[in-house]
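S.K.: everything below, folded, please.
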Amino acid sequence: MTVAIQLDDPRAPGATALLQASHALMEELFPSESNHYLSVDALGTSDIRFFTATEDENTLGCAALALKGGYGEVKSMYVVKTARGKGVADLLMQALEQEALAQGLRLLRLETGHLLKQAHALYSKHGYFRRGPFGNYPDDPLSLFMEKPLHSDGLIVRPTDPLGPEGRALLADGDAAIRETLPADECQPFSPEELSAAGITFYVAWQGTAAVGCVALRACDGYAEVKRLFVPPEQRGRKIAAALMDRLEAEARTTRQPLVRLETARKLTAAIALYKRRGYRECPVFGNYNAHPARLYMEKPL
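M.R.: So this is what the prediction gives:
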């Protein structure tokens, strides 16, 4: 399948037919007050970039980027049934992100229906994660809200199984790096099995198919905790650690945690500098940790 993605006019016959099919589906699935799709005319305004996917003379899919001044919003994503599962939606998502970057935007958001499981899977695959309502959207249980920070190099941070090969490799390399820096009695490894426990989300930063960093978020009583932040030495200097922390803190906000806390070694000066730049400050020992002069305890209100 050779598919072309281009900016298009939503009033063109093929595009209009797709939009009408999409609107009909939304009206079938959801009550009118829970439908927030844009009309054909609204998609033709100057603050919308409307894309279609075509093969030969057939219009297979469409998607739009609404320029919101500070972020872009994904709208009108729809692919005909016969073209689903063939990468058309992926191409449209890539076009939206490229256009957002060209417009100087570094954040994309979207609202979708809670029943649209295939759409949820598509957005998750492309690095979107859940958040609360934004803009003028009501807090509707039939709506699901997501967002994705944009990185010009295509970096994506998403939840990943720590028991998988990429997770195990990153954690093993992180433990080895710590053992090279700290005495044995200060090393506190955290196994892949421990990180797969309930209440812990393990994130990996992906550059294409390469796993280039990791971090874990542990939900505690009244706060969230950062665990196992690691970026391999050859990948440092590319803001991967910042992207991992952005993702972790966004998830903590989504789950309404008031604080993010962490425990680290005082010898890890580069990590401490990163945390301080992000607004973390020293705090008393917390949780089940025992105060130790070589350890540093930090927190950041959200």
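S.K.: please count neighbours and contacts with C-alpha atoms only from this point.
M.R.: Will do.
S.K.: before we move on, what SS does Glu27 have?
M.R.: Here Glu27 is helix, with the state taken from DSSP: H, G, I helix; E, B strand; the rest coil.
S.K.: surely Glu147 and Phe129 touch.
M.R.: Yes. Applying CA atoms under 8 Å, one finds Glu147 in contact with Phe129, separated by 5.6 Å.
S.K.: roughly how far does Lys239 sit from Asp246?
M.R.: Separation of Lys239 from Asp246 (CA to CA, to the nearest Å) stands at 11 Å.
S.K.: now His151
M.R.: Separation of His151 from Asp246 (CA to CA) stands at 12 Å.
S.K.: likewise Leu268?
M.R.: Using CA to CA, Leu268 is found at 20 Å from Asp246.
S.K.: how about Phe51?
M.R.: Distance, Phe51 to Asp246, using CA to CA: 29 Å.
S.K.: please apply the same query to Ala12.
M.R.: Ala12 is 40 Å from Asp246, by CA to CA.
S.K.: the helix or strand containing Thr52 pairs with which strands, parallel or anti?
M.R.: Using DSSP states H and E, Thr52 sits in strand 48-55. Under the criterion DSSP bridges, strand 48-55 sits next to strand 4-7 (antiparallel), strand 58-67 (antiparallel) in its sheet.
S.K.: dump the residue contacts of the residue nearest to His23 when sequence neighbours are not counted.
M.R.: Spatial nearest neighbour of His23, excluding adjacent residues (CA to CA, 6 or more residues apart in numbering): Tyr37 at 7.2 Å. With contacts defined as CA atoms under 8 Å, 6 or more residues apart in numbering, the neighbours of Tyr37 are His23, Lys75, Ser76.
S.K.: could you report the pLDDT at Tyr37?
M.R.: What the model reports as pLDDT for Tyr37 is 96.
S.K.: cool, Pro189 as well?
M.R.: pLDDT, read off for Pro189, is 68.
S.K.: returning to what we had before: from Tyr78, how far off is the residue nearest to His23?
M.R.: 11 Å.
S.K.: domains for this protein, by residue range?
M.R.: 4-149, 156-301 (automatic domain parsing).
S.K.: and the last one, how far out from the chain's middle?
M.R.: From the chain centre to the centre of domain 156-301 is a distance of 17 Å (CA atoms, centre = their mean, to the nearest Å).
S.K.: what's the answer for stretch 76-93, then?
M.R.: On CA atoms, centre = their mean, the centre of stretch 76-93 falls 20 Å from the chain's centre.
S.K.: stretch 150-159 now?
M.R.: 8 Å.
S.K.: neighbouring contacts of that stretch?
M.R.: By CA under 8 Å, 6+ apart, stretch 150-159 touches 97, 101, 105-108, 124-129, 201-208, 240, 243-244, 247.
S.K.: what's the end-to-end length of it?
M.R.: End-to-end distance for stretch 150-159, by CA to CA: 17 Å.
S.K.: and if you look at stretch 176-186?
M.R.: Start-to-end span of stretch 176-186 (CA to CA) is 13 Å.
S.K.: what about it, average pLDDT?
M.R.: Here stretch 176-186 scores 80 as its mean pLDDT.
S.K.: over to stretch 112-119?
M.R.: Mean per-residue pLDDT for stretch 112-119: 95.
S.K.: flag the shaky bits of the chain, pLDDT-wise.
M.R.: Counting by pLDDT under 70, the chain contains low-confidence ranges at 1, 187, 189.
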